[in-house]
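Asker: coordinates only, sequence not included:
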Ligand SMILES: [Zn+2]
């Protein structure tokens, strides 16, 4: 089974990682009038236009090569656009660079050493913190999450409404991978915890960053045997059902179901199921 197109990673980009190790890369790029920048606030909001000349601002990290120019991250105090809202309007490359910039800026926002609490300074062109006191180094973190489209023997899709979703939004199940757990085990655990259903044929379908602030969504399909009724806890998940394609269309028409937004991995999984032959 092939991987799915993902809304935020429509293009492969050149992060030019070896160049980060060069001494004084950021000061050199700051003095270069051709250097481009993505400006991001501490909370991960973006300025418009996304890509603009650095123009004297302080570079916080080197993001790679963009149309032959160097691209850096810089701070913004006026950015007000969320990547979730504008991601689909951006070009493929811009969306991919924006995801990196939003993730890295939010990681940089806390500069204290986790070992001793002293201030830490950025090294390696903005990609590593080194403590100014104890010297401990800290690298950007990414938290893996699984998201899974579960179908039953009637090829119905499991859709659930989490308590924090506004009615009538529903989606496929998702959750964080726990320490020491494989992705496949996380899929099986989450589906059983949230819907009381055992799955098999867990199949990887692609991934995309979800930098709000630092998740990586790992998409799967899985199957369950028979046509079971979901068992929910009523707290984390307030509604869940296996729905046929006809059920989905009817509920959308009746205003009792809203599918996930087009920027999400959930949308990629749901639309793939909707378009696949019954
Ligand atoms: Zn320290």
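Answerer: Received, thanks. Note that the structure is predicted; figures quoted are calculated from it, not measured. Numbers count the residues shown, from 1 in each chain.
Asker: and the helix ranked longest in the chain, what does it pack against?
Answerer: Of all the elements of type helix in the chain, the one with the most residues (DSSP state H) is helix 92-108. When contacts are defined as 3 or more C-beta pairs under 8 Å, 6 or more residues apart in numbering; DSSP states H and E, helix 92-108 sits against strand 36-40, strand 46-53, strand 59-66, strand 69-75, helix 83-86, strand 200-210. C-beta coordinates here come from the backbone N, C-alpha and C atoms, glycine included.
Asker: give me the distance from the last one to the chain's centre.
Answerer: In other words, strand 200-210. Relative to the chain's own centre, strand 200-210 is displaced by 13 Å; criterion: C-alpha atoms, centre = their mean, to the nearest Å.
Asker: list the contacts of that strand.
Answerer: With C-beta atoms under 8 Å, 6 or more residues apart in numbering as the test, strand 200-210 has contacts from 1, 3-9, 99-100, 103, 142, 145, 148-149, 183-184, 187-188, 215-225, 264-265, 268-269, 272.
Asker: then the fifth one?
Answerer: Outside of helix 83-86, the residues within contact range by C-beta under 8 Å, 6+ apart are 8, 44, 46, 48, 50, 95, 98-99, 102, 211-212, 261, 263.
Asker: what's around residue 3, how many residues?
Answerer: Residue neighbour count, defined by other C-beta atoms under 10 Å, stands at 12 for residue 3.
Asker: run through the bridge partners of the residue nearest to it when sequence neighbours are not counted.
Answerer: In this structure, residue 3 finds its nearest non-sequential neighbour in residue 206, 3.7 Å apart by C-beta to C-beta, 6 or more residues apart in numbering. For residue 206, the beta-bridge partners under DSSP bridges are residue 219.
Asker: how many other residues sit next to residue 206?
Answerer: In terms of burial, residue 206 registers 18 neighbours under the definition other C-beta under 10 Å.
Asker: look up how far residue 52 lies from it.
Answerer: Counting by C-beta to C-beta, to the nearest Å, the separation of residue 206 from residue 52 is 31 Å.
Asker: for residue 242, see how far away residue 273 is.
Answerer: Per C-beta to C-beta, residue 273 is found 12 Å from residue 242.
Asker: what residues are shared contacts of these two?
Answerer: When C-beta under 8 Å, 6+ apart defines a contact, the residues bordering residue 273 and residue 242 alike are 151, 157.
Asker: that older thread, show me what counts as buried in the longest helix of the chain.
Answerer: 93-108 (16 or more other C-beta atoms under 10 Å).
Asker: pipe the helices and strands packed on helix 92-108 into JSON lines and attach mean pLDDT and distance to residue 16 per row.
Answerer: Shown next, in JSON lines, are the helices and strands packed on helix 92-108 (pLDDT from 0 to 100; distance: least, C-beta to C-beta, whole Å):
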{"stretch": "strand 36-40", "mean pLDDT": "98", "distance to residue 16": "13"}
{"stretch": "strand 46-53", "mean pLDDT": "97", "distance to residue 16": "16"}
{"stretch": "strand 59-66", "mean pLDDT": "97", "distance to residue 16": "4"}
{"stretch": "strand 69-75", "mean pLDDT": "98", "distance to residue 16": "8"}
{"stretch": "helix 83-86", "mean pLDDT": "96", "distance to residue 16": "22"}
{"stretch": "strand 200-210", "mean pLDDT": "97", "distance to residue 16": "18"}
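Asker: distance to the ion for those - can I get that in JSON lines?
Answerer: Compiled in JSON lines, those are given as follows (distance: least, C-beta to the ion, whole Å):
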{"stretch": "strand 36-40", "distance to the ion": "26"}
{"stretch": "strand 46-53", "distance to the ion": "31"}
{"stretch": "strand 59-66", "distance to the ion": "20"}
{"stretch": "strand 69-75", "distance to the ion": "23"}
{"stretch": "helix 83-86", "distance to the ion": "31"}
{"stretch": "strand 200-210", "distance to the ion": "28"}
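Asker: looking at these, which is buried most?
Answerer: The highest average neighbour count among the helices and strands packed on helix 92-108, using mean count of other C-beta atoms under 10 Å, belongs to strand 36-40 at a mean of 26.
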